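Asks: have a look at this fold, sequence not included:
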């Protein structure tokens, strides 16, 4: 799944970000260097306030670095673009649209507008992939939190971005639903083959989903370590009980205690 021989799809070169003014100005990210390969899934963990979401926002183009550079396919990121899809922690679905219309939404915009037949095929594909076929005509208010987040993920995939940026998409879900969503997302990522940056507070979730886990320090944030996850596929609930998984969890938790 990792294309190590090709140039990085995403690269942060000495990326530094500060917030505030004057004596209250603080450095959140301090010269972050990170490369993400094409088709790779990278999860980022770190203490609260360490800048996990700031890294995502820099790659998304919502923020610009104060120093250093953020590049996608070798080109500096100047702002948001259709090559990057974002899934937020909140259920960012349109309450006035059905499940199908939510998934279709990005394909109706002028920049990414697709013919009607193509839109139907894409919607059908993601309804099936996300187990939402029975809810095609349902409105978000009738869905559980997990189902609404599945709609948001399907909508992000539907416009075919090269890179998916996920900011704690399961953070608001209960533990059982969260575990089920992680298993489903793992299947979707394997089927779609996109480059994914996934922000999470859960070490277990990071190990379960990732090819590599990036461990951040407290602020001013640098990268403490990048841990390869050599678990292979397929992964399921039993993976979390293996000695290899337990050892990786212990290693990353120890890094976070520094």
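Replies: Looks like it arrived, so ask away. This structure is a prediction, so every number in the text was calculated from the model and none was measured.
Asks: could you point out the helix or strand that follows the helix or strand of the chain with the lowest mean pLDDT?
Replies: For the chain, scoring each helix and strand by mean pLDDT, DSSP states H and E identifies helix 175-192 as the least confident one, at a mean of 86. For helix 175-192, the following helix or strand on the C-terminal side (DSSP states H and E) is strand 195-199.
Asks: contacts for stretch 50-65 next, please.
Replies: Residues outside stretch 50-65 that contact it (CB atoms under 8 Å, 6 or more residues apart in numbering): 10, 12, 15-17, 28-29, 32, 34, 44-46, 70, 72, 77-81, 84, 86, 163, 165, 167-168, 197, 199, 216-219, 221. To be clear about C-beta, it is placed using only N, CA and C from the backbone, and glycine gets the same treatment.
Asks: for that stretch, what is the average pLDDT?
Replies: For stretch 50-65, mean pLDDT is 95.
Asks: distance between it and the chain's centre?
Replies: 12 Å (CA atoms, centre = their mean, to the nearest Å).
Asks: one step back: among the contacts of stretch 50-65, which are located in strands?
Replies: 10, 12, 15-17, 28-29, 32, 34, 44-45, 70, 72, 84, 86, 163, 165, 167, 197, 199, 216 (DSSP state E).
Asks: let me see the contact set for the residue nearest to the spatial centre of the chain.
Replies: Among the residues of the chain, the one closest to the centroid is residue 166, at 2.4 Å (CA atoms, centre = their mean). Going by CB under 8 Å, 6+ apart, residue 166 touches 86, 87, 153, 196, 197, 198, 199.
Asks: quick check: the first one vs residue 191, distance?
Replies: This means residue 86. Using CB to CB, to the nearest Å, residue 86 is found at 20 Å from residue 191.
Asks: higher neighbour count, those two?
Replies: residue 86 (22 against 11; other CB atoms under 10 Å).
Asks: quick check: nearest residue in space to the more buried one, chain neighbours excluded?
Replies: Spatially, and ignoring its direct neighbours in sequence, residue 86 is nearest to residue 165 (4.8 Å; CB to CB, 6 or more residues apart in numbering).
Asks: can you map out the helices along the chain?
Replies: In the chain, the helices defined using DSSP state H lie at 52-60, 99-108, 116-129, 145-158, 175-192, 203-209, 243-256.
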